[in-house]
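**Q** Quick one, what's the 3D model for this:
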Amino acid sequence: MQVASQIATDLGAARQHLRAAGRSYAGRRLAAVALPTLAGLLLLGVLAARWPAGRPGLLVAALAVLAVAAWQLWPLRRLGPVAVARQLDRLFPELEDSAGLLLHEAAQLPFLGQLQQQRVGQRLDELAATQAPLLPVSFKNSLLISGLLLAGSVVAWWLPARQSAVATTPATVALRFTPDAGRAVPVTAPRITKVELLVTPPAYTRRAAFVPAAASFQCPQGSRVRWLVRVNKGAGAAPVLELGSQKLTLRPVAGQPTQFAAEQVLSASALYRLRFAGQTSDDYAIDVRPDQLPTIRIQTPKPYTLIAAIGTRPEVPIKATLRDDYGLTRAELVITVAQGQGEAVKFHEVRRDLSAGLGGQPGEATVSSLLNLPKLGLTYGDELYFYLQARDNNGHAARSDAFLVQWQDTAAATSAIDMGMGVNTAPAYFRSERQIIIDTEKLIAEKPKLTAAEFTNRANALGFDQQSLRLRYGKFLGEEAEKGLGVTAGPPTADEPAAPTADAPTADAPAEAKAPTPPAEADDDHDHHPEAPAGRNSSPTAATDALMDPYMHKHDDAETADFLEPAVKAKLHAVLDEMWAAELRLRTGQPAAARPFEYRALRLLKQVQQQTRAYVKKAGFTPTPLPEATLRLTGELKGAAAPQLRETVAAPATQPTVRAALRWLATQHGQPARPTEAAALEQAGAALAQAALQKPGLYLPALRALRQLATNARAGRVPCATCLAPAQRALADLLPPPVPTAAPAATPDRLARRYFQELGR
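**A** Here you go, the predicted structure:
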């Protein structure tokens with residue numbers, strides 16, 4: 001019993017060492033991962049505090065650091081006694097891959113297993129006594145990375161602090177002060193001795209704070225401007241900042257009784273000036289530049305792209321250039337797919353993020369994508385629309401025009417009615433006789449180079465063209481189809497004579513007896529068809545038709561189916577005969593013999609063309625001659641022109657305040673002004689102040705001069721002589737250009753008057 005208890009005690013100690021090794025390894029591994037993680041988060045926090053514009057990107061980086069740390073610590077979740085035993089077997093060969101036996105009860109093992117369990121337990125106790133950590137963890141890389149990150153945090157904290165201390169030091173600007181009207185400022189009165197300005201641009205510009213070099217300056221929209229005013233002695237009232245239409249009282253700085261400060265976020269351009277102790281500064285302009293929208297220029301494809309169904313890959317590359325004044329943060333491709341046609345069309349939208357190339361918020365970037373039509377669900381006949389959308393770091397978004405990509409449809413069924421609707425059908429093509437002659441001459445010239453079969457085939461093709469042209473001209477003579485061609489012969493009868501053959505006797509057949517002409521036919525001027533022979537296949541009404549035929553007038557024959565003159569008709573018949581003869585030679589492979597007939601047919605066609613021309617005399621408008629003795633050169637215009645009603649309406653005066661100020665300035669010749677006249681100058685000064693926002697360098701001096709004139713007028717003093725000219729020029733520039741008037745006609749000279757006198761005699 002004592003031996004069994006001793007063995008159990010030894011196994012219990014070994015198992016305690018096994019569990020302690022697992023807990024020690026997990027703790028050291030957690031510390032090795034946590035040290036660089038905390039150092040990295042510290043660096044990102046310092047950067048976020050010193051660089052507010054990059055906080056969104058730094059937040060993403062912090063999440064990435066936490067994700068990497070979680071991935072490193074994830075295997076510890078599965079760290080149990082079995083995993084620790086396997087680790088010990090790999091690290092210590094003395095355990096003979098039997099550390100796992102310590103996890104089993106001795107009663108469950110065979111005798112040899114119990115002996116091996118005791119042996120492994122003793123060796124594990126010895127290793128625990130000699131090896132401080134059974135499962136070591138290296139802190140070398142962890143400490144190195146943590147040290148570098150901490151050093152970076154110190155540098156990031158120190159350098160921006162130095163830079164901000166330099167950048168946020170306000171600079172002194174010179175402002176010109178003049179005493180208010182009617183007030184004499186004593187020498188000992190409080191005065192503004194120094195004015196300092198500091199401009200802090202918004203975060204989206206990623207620009208540091210700066211000090212303007214002059215009192216009039218430019219800044220981005222949303223900038224925070226700080227005025228720091230220092231006076232020579234304390235006064236009862238604080239300085240007042242007039243910013244546009246606002247009046248801001250400056251706040252005293254804590255611990256500095258002679259310093260006052262004010263801050264304002266500017267969203268639009270404005271003029272400002274300072275008032276203090278009866279003194280007013282000149283007007284100065286702050287030009288606020290708004291953030292521009294991103295610009296998108298799509299280089300490829302074109303606004304409309306048609307993808308051929310055969311021979312073209314159904315892919316469309318997209319390439320575009322994006323620009324912004326401060327930085328781009330996001331680009332997106334929006335695709336609208338239209339599937340089907342008519343009422344069965346279906347739409348769905350696909351969005352692609354193209355922001356991968358916008359790291360660091362660049363001011364200009366090129367984005368690209370590839371539209372694979374089958375992957376987007378398109379098939380033949382479908383189409384898609386896409387546009388690009390870009391967003392800058394201020395949240396402004398812009399989008400491009402919509403582009404269309406269409407996949408050609410190969411299965412569209414078209415009917416004859418659809419083909420004929422809205423389509424100008426081309427007339428039938430026939431080769432002219434001149435073209436046939438040219439091709440015949442060419443065929444004769446190329447005969448030595450051609451084989452007999454090729455020569456015959458080309459001649460036969462020319463014969464077919466000649467036949468088509470002959471049938472076309474035959475329609476002018478009433479021939480609907482070629483006679484003798486394509487007529488199906490009826491079955492032979494006993495009454496019909498047998499056809500002659502080569503071996504038949506050549507006895508002359510007796511001439512048919514000519515049927516007597518009916519009396520009605522003799523007096524008729526129309527041609528009539530010969531009487532059809534009666535046969536077994538004759539119509540049941542054949543007898544009735546035969547009786548009515550002499551008394552009927554038929555107009556469906558070739559001789560009466562046109563409106564051509566007999567001479568023209570005769571020449572056309574001759575043309576058809578010549579064409580028939582030329583066709584016969586061409587069909588039989590004799591183009592040289594067909595040339596005379598072709599030339600004669602062309603000559604006759606030209607004669608018919610000249611003969612059918614109609615010459616009509618041109619008839620124009622011939623005005624009625626005027627009676628020279630009574631009306632000519634008298635200058636009488638009564639009834640010659642349409643009556644016109646004219647009314648002269650005075651145009652409304654533009655900018656009346658500016659015109660009133662100009663009239664007052666034009667009447668000043670050194671006499672004192674009245675206080676009531678200062679209101680007109682102040683109203684004109686408001687219009688001039690709006691112009692000074694756009695062009696401060698041009699209109700600010702004139703605005704100062706105009707306000708000096710208003711001050712003198714309110715005080716009843718003589719206007720400033722040097723202020724009149726710049727104020728007049730600036731106010732005159734604000735007026736619209738005058739409407740050009742027609743120049744009066746020049747008076748005729750002596751020679752011209754003599755000429756008109758001679759004409760009037």
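**Q** so what's I298 closest to, chain neighbours aside?
**A** Spatially, and ignoring its direct neighbours in sequence, I298 is nearest to A320 (4.5 Å; Cβ to Cβ, 6 or more residues apart in numbering). Every C-beta, even on glycine, is put in place using the N, C-alpha and C of the backbone.
**Q** strand partners of the helix or strand hosting that neighbour, parallel vs antiparallel please.
**A** Using DSSP states H and E, the element containing A320 is strand 315-323. Within its sheet, strand 315-323 is paired with strand 295-300 (antiparallel), strand 364-372 (antiparallel), according to DSSP bridges.
**Q** Mind exporting the C-alpha coordinates of that strand to PDB?
**A** Written as PDB, here are the backbone C-alpha positions of strand 315-323 (Å, rounded to 0.1, in the frame of the first residue of the first chain):
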ATOM      1  CA  GLU A 315     -15.400  42.100 -72.500                       C
ATOM      2  CA  VAL A 316     -15.300  45.900 -72.100                       C
ATOM      3  CA  PRO A 317     -12.300  47.500 -70.400                       C
ATOM      4  CA  ILE A 318     -12.900  50.700 -68.400                       C
ATOM      5  CA  LYS A 319     -10.200  53.200 -67.700                       C
ATOM      6  CA  ALA A 320     -10.800  56.600 -66.100                       C
ATOM      7  CA  THR A 321      -8.900  59.500 -64.600                       C
ATOM      8  CA  LEU A 322     -10.000  61.100 -61.300                       C
ATOM      9  CA  ARG A 323      -8.900  64.500 -60.000                       C
END
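**Q** Tell me the buried residues in it?
**A** The neighbour-count check on strand 315-323 (16 or more other Cβ atoms under 10 Å) flags V316, I318, A320, L322, R323 as buried.
**Q** Can you name the element that comes right after that strand?
**A** Following strand 315-323 toward the C-terminus (DSSP H and E): strand 328-339.
**Q** hang on, the earlier thing: just the residues contacting the strand holding A320, thanks.
**A** Applying Cβ atoms under 8 Å, 6 or more residues apart in numbering, the contact partners of strand 315-323 are 294-301, 305, 307, 328, 331, 333, 363-373, 386, 388, 390, 400, 405.
**Q** what does stretch 354-361 give?
**A** Outside stretch 354-361, the residues that touch it by Cβ under 8 Å, 6+ apart are 206, 326-333, 365-369, 388, 393.
**Q** which of those sit farthest apart?
**A** Farthest pair in the contacts of stretch 354-361 (Cβ to Cβ) is R206 and S369. Separation: 27.5 Å.
**Q** hang on, the earlier thing: and the contacts of strand 315-323, which are buried?
**A** 294, 296, 298, 301, 305, 307, 328, 331, 333, 365, 367, 369, 371, 373, 386, 388, 390, 400, 405.
**Q** Touching, A61 and L44? I think so.
**A** Yes. If you go by Cβ atoms under 8 Å, A61 and L44 touch, sitting 5.8 Å apart.
**Q** Which of the three states applies to I438?
**A** Three-state assignment for I438 (DSSP: H, G, I helix; E, B strand; the rest coil): helix.
**Q** Could you count how many residues lie near the closest residue to A214 other than its chain neighbours?
**A** Residue nearest to A214 in three dimensions, not counting chain neighbours: V173, with 6.3 Å by Cβ to Cβ, 6+ apart. Per other Cβ atoms under 10 Å, the neighbour tally for V173 reads 18.
**Q** separation between H573 and A64?
**A** Per Cβ to Cβ, to the nearest Å, H573 is found 98 Å from A64.
**Q** Show me which of these two is the more surrounded one.
**A** Set H573 next to A64 and count neighbours by other Cβ under 10 Å: H573 wins out with 15 against 12.
**Q** residues in contact with that one?
**A** For H573, the contacting residues are L477, by Cβ under 8 Å, 6+ apart.
**Q** mind checking how far it is from T676?
**A** On the measure of Cβ to Cβ, H573 and T676 end up 110 Å apart.
**Q** tell me the mean pLDDT over stretch 541-556?
**A** Mean pLDDT, stretch 541-556: 69.
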